[in-house]
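In: Sequence and predicted structure, then a few things I'm wondering about:
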Amino acid sequence: MKNFWEDLAKPFWILAPMEDVTDTVFRRIIATCGSPDVFFSEFVNVKGLKYEMENPEIGQIVSHRLLKLGEKELHQKPIVAQIWGITPEDYRQSAAKIVELGFDGIDINMGCPVRNVINQGACSALIKNHVLATEIIKAVQEGSGGLIPISVKTRIGFGQIDTENWATFLLSQNLQALTIHGRTVREESKVPCHWDEIGKVVAINNQMEIEKKAKNLDNSKNKITSELSQLLPKYETKNVVLGKFKSGNEVEISLGKFKNEIETKTENEIETKKNSQNEEINQQVLAWQIANLSEFLSEFLE
Ligand SMILES: Cc1cc2nc3c(=O)[nH]c(=O)nc-3n(C[C@H](O)[C@H](O)[C@H](O)COP(=O)(O)O)c2cc1C
């Protein structure tokens with residue numbers, strides 16, 4: 001996946017998606033004078049988009065919202081297509097089309113508070129329907145083939161503030177970005193933004209990241225200790241070289257001479273083993289080394 005979100009220098013500035021405002025002409029003007037770091041389209045209905053794809057003779061009903069008249073070329077900034085609707089299959093096909101059109105990302109609108117939209121069960125109504133929200137996100141992820149990042153723009157609750165529950169749900173959906181409008185749906189834009197609730201989402205995200213890392217670390221450690229417990233006796237070696245792939249938490253193990261930390265920590269024990277004929281001690285030495293290695297790895301992997 002080419003995930004432009006990861007390449008943005010912080011802090012970054014985005015032209016928010018605005019229905020009937022951020023059309024292609026407006027975006028082009030903004031590109032020449034404001035130059036935000038990321039552009040968003042207006043929201044585009046996926047049912048309309050799919051209908052157009054199936055009936056090309058009807059011309060453009062909604063797809064004109066996805067025209068890119070040079071704003072990207074002007075400043076080479078990423079542009080995200082925002083979509084809304086109810087049916088996962090419409091989302092899936094629209095996502096594939098948006099990738100084909102060359103957009104840099106897809107954003108799912110889960111925040112629009114307009115009555116006739118939420119009466120259909122779309123946009124911010126999804127805050128109350130996690131099952132459909134999951135299906136929609138999955139359909140977009142599948143439709144886009146994992147080629148571009150998927151994000152959601154939403155609010156902090158429907159009738160009342162529900163940040164913890166809703167944000168925890170969204171942050172578990174393997175999204176590449178999440179935009180929070182710090183008001184509930186009922187509040188529309190009539191009250192000041194609840195900045196502290198946005199802070200809460202950041203804190204939840206940080207906590208979840210830490211837990212994910214710890215889990216990966218645990219898995220790596222388990223994998224390493226179980227592999228080592230077979231490899232070390234098999235090759236009658238006590239020394240290990242570790243390498244960490246830059247892109248993840250995978251750890252490569254190769255047997256050989258290892259640099260200072262492990263070596264110095266284990267040198268005496270190795271000597272003990274060499275001089276000992278006692279198999280029980282040997283086993284203890286091995287167990288100690290593996291435990292010691294795990295401890296070392298937790299620092300190494302951070
Ligand atoms: C005219 C208008 C149109 C909007 N259209 C969209 C839209 O299509 N999609 C979306 O996610 N948010 C939309 N928004 C919400 C904005 O992106 C942004 O979240 C909101 O304006 C921030 O709140 P504020 O207007 O009180 O500052 C719209 C806002 C306005 C004022």
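Out: Nice, thanks for sending it over.

In: how about the helices in the stretch 101-250 of the chain?
Out: Applying DSSP state H, counting those that start in this stretch to the stretch 101-250 of the chain gives helices spanning 115-118, 130-143, 163-171, 195-235.

In: For residue 52, find the nearest of the ones you listed.
Out: Comparing these by their distance to residue 52 (CB to CB), the top pick is helix 130-143, with 15.7 Å. Bear in mind the C-beta positions are built from the backbone N, C-alpha and C, glycine included.

In: Distance from the closest one to the middle of the chain?
Out: Taking CA atoms, centre = their mean, to the nearest Å, the mean C-alpha location of helix 130-143 is offset from the chain mean by 14 Å.

In: and that helix, average pLDDT?
Out: Helix 130-143 shows a mean pLDDT of 98.

In: how big is the angle separating that helix from helix 163-171?
Out: 30 degrees (axes from the mean of the first three to the mean of the last three CA atoms, to 10 degrees).

In: In helix 130-143, which residues are buried?
Out: Residues of helix 130-143 classed as buried by neighbour count (16 or more other CB atoms under 10 Å): 132, 133, 134, 135, 136, 137, 138, 139, 140, 141, 143.

In: The ligand versus the last one, what's the distance?
Out: Between residue 143 and the ligand the distance, using CB to the nearest ligand atom, to the nearest Å, works out to 20 Å.

In: Which helix or which strand is home to the nearest residue to that residue once chain neighbours are set aside?
Out: In space, and not counting its chain neighbours, residue 143 is closest to residue 95: 3.0 Å by CB to CB, 6 or more residues apart in numbering. Per DSSP states H and E: residue 95 is located in helix 88-100.

In: Let me see the residues that make contact with that helix.
Out: Outside of helix 88-100, the residues within contact range by CB atoms under 8 Å, 6 or more residues apart in numbering are 44, 46-47, 49-50, 53, 66, 81, 83, 85, 106, 108, 132, 135-136, 138-145, 147-148, 150.

In: Check what pLDDT the spatially closest residue to residue 38 that is not a sequence neighbour gets.
Out: Leaving aside its sequence neighbours, residue 38 sits nearest to residue 14 (CB to CB, 6+ apart; 4.4 Å). Looking at residue 14, its pLDDT reads 95.

In: Run through the residues that contact residue 14.
Out: Residue 14 makes contacts with 36, 37, 38, 39, 40, 179, as judged by CB under 8 Å, 6+ apart.

In: for residue 47, same thing?
Out: 85, 86, 87, 90.

In: give me that answer again for 6 Å
Out: Residues in contact with residue 47 (CB atoms under 6 Å, 6 or more residues apart in numbering) are 85, 90.

In: wait, is it part of a strand?
Out: No. Read with DSSP: H, G, I helix; E, B strand; the rest coil, residue 47 is helix and lies in no strand.

In: tell me the pLDDT at the residue of the stretch 101-250 of the chain found nearest the ligand?
Out: The ligand sits closest to residue 189 of the stretch 101-250 of the chain, with a gap of 3.6 Å, by CB to the nearest ligand atom. If you check residue 189, the pLDDT there is 95.
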